[in-house]
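# Dropping the sequence and predicted coords here.
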Amino acid sequence: MLAQFDDGVAALQQGDYAKALEAWQKDAEAGDPRSQYSMGYLYQFGLGVPHDLPKAKEWYEKAAAQNNADALYALGLLYEAGKVVPRDLAQAMSYYRKAADSGTQADAEYAVGRMILRGRGVARDPKEGVKWLRKAALHRQPAAQYMLGAAYEAGWGVTPDPVEALYWYSRSLDGDVVELQEQDMAFQPKIAIESLRRRLYPEEIRQVEARLKKDRSAEKKAIQKAVKAAPQPKEKPAPAQGFDGDLRLEGHVLLLQLHHVAVQGAAVP
């Protein structure tokens, strides 16, 4: 099943949705949770099949029943946005938490953090929210890194620390923040960084820059090592995405778009 699943990933990245469908459908029907999640993904966004959110939800539920973290996260998005199902923040939070508890879904960790920080579907608890934001931030989730920076700047659940805020705002630039900025104008790391740099002493800025250089170098080496160790599919290899080095579906930004629909208008505490 591994080679066939990876063939589907490669086909999706090449825009060959029919081939991706062919690679995943049989295994999905046989009960493979990754393929079931992938089928849901195709139906959700109408890739090679008609756009069909109810059918996407059915496939996500099959995969989620086997604790597939990506499917659990996708269901959380549907419930938070009120797509196909009535909007239910508590149910969304339940799915996010299950996905986050897997330790392999940084987007879900971020979702848990922001939900707790804002008191959406759960009691507001800034300290607990920041704990989850930190988990996601350490897994290179750019929105979590940005929000963690904001928490340190404003003192949400932590002692205000502009030096730490500058570090995390800067780390958020390592990820793909362009789409985040297009969907949510609150994500403006460059503006936040410029503001903090005007307030900090030169030595504090140098301290952050040295830490950034060290951490980015170590992270780059770790990623290169993970990529070399990853099994190669029969076709063009898919780039490793996500903090765990697993092959992930390219085009995940589409799920991010739904995520931003879900949180549109939610005020930052």
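Perfect, I can see it now. Numbering: from 1, shown residues only.
# can we go C-alpha only for contacts and neighbour counts from here?
Will do.
# the helices in the stretch 1-150 of the chain, which residues?
2-13, 17-29, 33-45, 53-64, 69-81, 89-101, 106-118, 126-138, 142-154 (DSSP state H, counting those that start in this stretch).
# For Ile191, find the nearest of those.
helix 142-154 (11.7 Å; Cα to Cα).
# Which strands or helices does the closest one pack on?
Packed against helix 142-154 by the contact rule (3 or more Cα pairs under 8 Å, 6 or more residues apart in numbering; DSSP states H and E) you find helix 126-138, helix 162-172.
# Now mean pLDDT and mean neighbour count too, for those helices, in TSV please.
Shown next, in TSV, are the helices and strands packed on helix 142-154 (pLDDT from 0 to 100; neighbours: other Cα atoms under 10 Å):
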stretch	mean pLDDT	mean neighbour count
helix 126-138	97	23
helix 162-172	97	24
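# Now the weakest link among the helices of the stretch 1-150 of the chain, please, by mean pLDDT.
Out of the helices of the stretch 1-150 of the chain, helix 2-13 stands lowest, with a mean of 84 (criterion: mean pLDDT).
# would you put the C-alpha positions of that helix in CSV?
C-alpha atoms of helix 2-13 as CSV (Å, rounded to 0.1, in the frame of the first residue of the first chain):
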residue,chain,number,x,y,z
LEU,A,2,2.9,2.4,0.7
ALA,A,3,4.1,2.6,-2.9
GLN,A,4,0.6,3.0,-4.2
PHE,A,5,-0.2,5.7,-1.7
ASP,A,6,3.0,7.6,-2.6
ASP,A,7,2.1,7.2,-6.3
GLY,A,8,-1.1,9.0,-5.5
VAL,A,9,0.8,11.8,-3.7
ALA,A,10,3.1,12.2,-6.7
ALA,A,11,0.2,12.3,-9.1
LEU,A,12,-1.6,14.9,-7.1
GLN,A,13,1.4,17.1,-7.1
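# What residues sit buried inside it?
Neighbour-count burial for helix 2-13 flags 4-13 (criterion: 16 or more other Cα atoms under 10 Å).
# ditto for stretch 55-69
For stretch 55-69, the neighbour count (16+ other Cα under 10 Å) marks 55-64, 68-69 as buried.
# and which of the residues you listed is nearest Asp125?
Ala69 (23.9 Å).
# Please name the residues that touch Leu133.
109-110, 112-114, 144-145, 147-148 (Cα atoms under 8 Å, 6 or more residues apart in numbering).
# now the residues you listed: which count as buried?
109-110, 112-114, 144-145, 147-148.
# From these, pick the one nearest Val122.
Val112 (9.6 Å).
# List the contacts of that closest one.
Val112 touches 93, 96-97, 100, 129, 132-133, counting by Cα under 8 Å, 6+ apart.
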